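*Asks:* 3D, please:
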Amino acid sequence: MSYIKGLKCRECGREYPKEPLYVCEYCFGPLEVDYDYLKIKKKLTRELISSRPENLWRYRELLPIDGDPAVGLESGFTPLVKADNLADKLGVKELYVKDDSVCHPTLSFKDRVVSVAISKAKEFGFDTVACASTGNLANSVSAQAAKAKLKCIVFIPANLESGKVVASLVYGPRVFAVEGNYDEVNRLCTEINNKHNWAFVNINIRPYYAEGSKTFIYEIVEQLNWQIPKHIIVPVAGGSLISKIWKGLHEFEKIGLIDEPKGSTPGIGRLRPSTKIYAAQAEGCAPVVTAIREKSEIIKPVKPNTIAKSLAIGNPADGYYAYKTVTESGGWGESVNDDEIVEGIKLLASTEGIFTETAGGVTVAVTKKLIEQGRIPRDESIVISITGNGLKTQEALSGRLLKFAIIKPNLNSFEENYTKSGLKRIKTKTKLTCPHCGHIQATDMPTDACQISYKCINCKELIVPKKGDCCVFCSYAEDPCPPKQTRGGEKYAV
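*Replies:* As a prediction, the model looks like this:
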């Protein structure tokens with residue numbers, strides 16, 4: 001049974017039939033799926049959802065297909081990780097990571113939206129699916145088109161990460177690498193869509209495709225025992241995911257799956273969930289964050305320049321709706337530079353054992369920044385959205401990790417390198433000058449000297465190692481030094 005009433009313009013409200021359309025012919029606003037929420041409320045309950053298989057189709061009444069899904073029966077319902085180690089690092093009480101880096105089949109949240117898009121394309125009778133992509137979408141469309149026995153054509157920027165190119169080619173699609181950025185790729189695809197009768201998942205199938213993003217927040221609410229988080233940080237590229245998270249929260253409240261906040265007025269679009277939503281972007285491509293900071297509804301296009309290529313969309317299709325989501329929810333937007341992105345990747349990996357791609361590095365680093373700014377309280381529930389796997393963007397970490405040791409196949413070689421590696425505390429005799437009395441004293445400095453204070457044997461005051469005293473003695477072979485974030489003196493001491 002279908003619960004779809006049709007399509008509706010997001011601007012003027014004009015109604016359209018269930019067809020592969022995406023723009024209002026009256027005001028040129030984008031179209032989205034409209035549902036019969038009264039019927040859904042009578043059917044869909046927590047108990048019914050919980051009784052279904054753990055995939056994204058457990059919420060099928062809120063998804064835009066009429067029949068059975070063609071693909072995606074193993075997609076979705078990814079872990080919501082209680083990130084206690086990362087919480088300790090960030091100094092917060094309750095932190096979760098929604099981990100779509102393990103989403104089936106191609107390790108990104110795009111498997112959600114593509115499952116819906118491919119299923120709908122099959123219902124419409126298309127024999128070919130296509131997309132414009134920064135990588136993850138191309139991977140998912142290629143994989144799921146193969147599963148659905150559809151022809152597949154994908155268009156990507158020519159400078160895309162090699163891992164993402166290979167992860168599309170292996171499924172046998174026609175791949176066209178365009179000499180330009182994503183916005184230029186997308187413009188070309190719009191022209192091609194007008195000439196060829198293909199199902200472009202993020203063009204003429206976009207109203208249906210985008211609905212798959214709602215399952216991300218549906219799962220979070222269910223995994224939190226039907227509670228909504230106080231804060232959720234979301235990476236922003238085209239703006240669809242963040243705006244559909246907001247829509248998904250509204251829908252769950254409308255049909256009674258979560259409690260309505262006090263003072264809410266019934267009706268989709270008028271409820272105000274208490275969750276605050278935050279936009280995370282890279283400094284090299286932050287049109288939505290810029291609009292939020294300027295309190296302007298105008299999204300000014302930019303030319304992307306960032307290692308976070310999956311977020312490198314300078315003219316986001318749903319940028320205005322991303323802006324509205326953040327401002328209506330009471331959230332904020334923040335951006336981070338390439339170094340902060342890498343540190344975000346490394347922080348999540350070293351604390352929770354989750355290897356995320358550059359978009360996840362953006363989200364983690366922005367979360368850290370928002371907490372430090374005081375925009376996110378330390379004693380309220382926080383969810384970090386991780387949308388892709390780090391195996392796809394390994395180039396971003398090139399030269400930024402500790403070097404591995406090459407040893408001889410004997411115990412002596414291991415012991416020598418094991419000691420040098422810093423895995424074992426070693427002590428180095430050095431001299432410290434007391435800043436209080438000027439006394440110079442010899443001291444045994446261990447590898448973590450920068451985290452230890454010493455007492456002057458002359459005046460008994462404390463000597464705190466400063467820049468120049470750190471990393472002469474420790475064996476970290478990377479910059480910046482993890483404990484101190486500074487280095488001085490010799491380059492290494494091993």
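*Asks:* all contacts plus neighbour counts: C-alpha atoms, from now on.
*Replies:* OK.
*Asks:* since we're on S162, how many residues are nearby?
*Replies:* 14 (other C-alpha atoms under 10 Å).
*Asks:* er, S240 actually
*Replies:* By other C-alpha under 10 Å, the residues close to S240 number 21.
*Asks:* repeat for the one 10 residues further on
*Replies:* Summarising burial for H250: neighbours were counted as other C-alpha under 10 Å, giving 20.
*Asks:* pLDDT (mean, whole number) over the helix or strand containing it?
*Replies:* Taking DSSP states H and E as the criterion, H250 maps to helix 240-254. Per-residue pLDDT over helix 240-254 has a mean of 97.
*Asks:* and after it, which helix or strand comes next?
*Replies:* Immediately after helix 240-254, counting by DSSP H and E, sits strand 276-282.
*Asks:* Can you check what angle separates that next one from helix 240-254?
*Replies:* 170 degrees (axes from the mean of the first three to the mean of the last three C-alpha atoms, to 10 degrees).
*Asks:* can you list contacts of whichever helix or strand comes after strand 276-282?
*Replies:* Of the helices and strands lying after strand 276-282 in sequence (DSSP H and E), the nearest is helix 287-294. For helix 287-294, contacts defined as C-alpha atoms under 8 Å, 6 or more residues apart in numbering pick out 236, 279-281, 297-302, 314-315, 319-320, 322-323, 326-327, 332-335.
*Asks:* what's the answer for stretch 338-352, then?
*Replies:* Taking C-alpha under 8 Å, 6+ apart as the rule, stretch 338-352 contacts 83, 85-86, 282-283, 306-308, 354-365, 396-397, 400.
*Asks:* at 7 Å instead, please
*Replies:* For stretch 338-352, the external contacting residues (C-alpha atoms under 7 Å, 6 or more residues apart in numbering) are 83, 85-86, 306-307, 354-356, 358, 360-362, 364-365, 397.
*Asks:* List only those of these flagged as buried.
*Replies:* Using 16 or more other C-alpha atoms under 10 Å as the burial test, those include 83, 86, 306-307, 354-356, 358, 360-362, 364-365, 397 as buried.
*Asks:* what two of the residues you listed have the greatest distance between them?
*Replies:* In the buried ones among the contacts of stretch 338-352, two members sit farther apart than any others by C-alpha to C-alpha. They are A83 and T306, at 27.4 Å.
*Asks:* Could you tell me whether K369 really is in a strand?
*Replies:* No - per DSSP: H, G, I helix; E, B strand; the rest coil, K369 lies outside any strand segment and is helix.
*Asks:* and the closest residue in space to it that isn't next to it in sequence, how many residues sit next to it?
*Replies:* Once flanking residues are discounted, K369 sits nearest to E334: 7.9 Å by C-alpha to C-alpha, 6 or more residues apart in numbering. Each residue near E334 was counted by other C-alpha under 10 Å, and the total is 24.
*Asks:* again with V166
*Replies:* Residues within reach of V166, counting by other C-alpha under 10 Å, total 12.
*Asks:* In the stretch 201-350 of the chain, where is pLDDT below threshold?
*Replies:* Low-confidence segments of the stretch 201-350 of the chain, defined by pLDDT under 70: 259-272.
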